[in-house]
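Chemist: just the structure for this:
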Amino acid sequence: QVQLVESGGGLVQAGGSLRLSCAASGSIVFIGTMAWYRQAPGKQRELVAGITRGGTPNYADSVKERSTISRDNAKNTVDLQLNSLQPEDTAVYYCYASVRTSFSAPLYAYWGQGTQVTVSS
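Modeler: Below you'll find the model as predicted:
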């Protein structure tokens, strides 16, 4: 079993910043790509930012200039720094990790429960 636990969401005023954190635990042998997705009411879940095990990031165009994703492979954590937040950033943010639970197992996708980010105007 693998658990992903997010923290750092909350209510922030437009123009403010938040740092989201996610910690993976359980029967983990290897973690590949880690990422943050978000889902706003009535919309599909979308990728916000991802990062490879080697540290190569990729960002959605909507957050590219104002966000930073980072990870700590020793701690199995991934963080997302969001700056200059706008009301359209309001969503539930989900942590994602591609995890191998044994040396012979394939990579499986795991998701956190989500953390609410609300940006007030």
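
Chemist: the residue nearest in space to the middle of the chain bridge partners, please.
Modeler: Nearest to the mean C-alpha position of the chain, counting by CA atoms, centre = their mean, stands Trp36 at 2.4 Å. Applying DSSP bridges to Trp36 gives these bridge partners: Ala49, Cys95.

Chemist: for Ala109, same thing?
Modeler: Residues in beta-bridge contact with Ala109 (DSSP bridges): Ser98.

Chemist: what of Ser21?
Modeler: Following DSSP bridges, Ser21 is listed with bridge partners Ser7, Asp79.

Chemist: what sits against the residue nearest to the centre of the chain?
Modeler: Contact analysis of Trp36 by CB atoms under 8 Å, 6 or more residues apart in numbering lists 20, 22, 47-50, 69, 78, 80, 93-96. In short, each C-beta sits where N, CA and C put it, glycine included.

Chemist: show me the contacts for the residue lying farthest from the centre of the chain.
Modeler: Most distant from the centre of the chain: Ser104, at 26.5 Å, with distances by CA atoms, centre = their mean. Listed by CB under 8 Å, 6+ apart, Ser104 has no contact partners.
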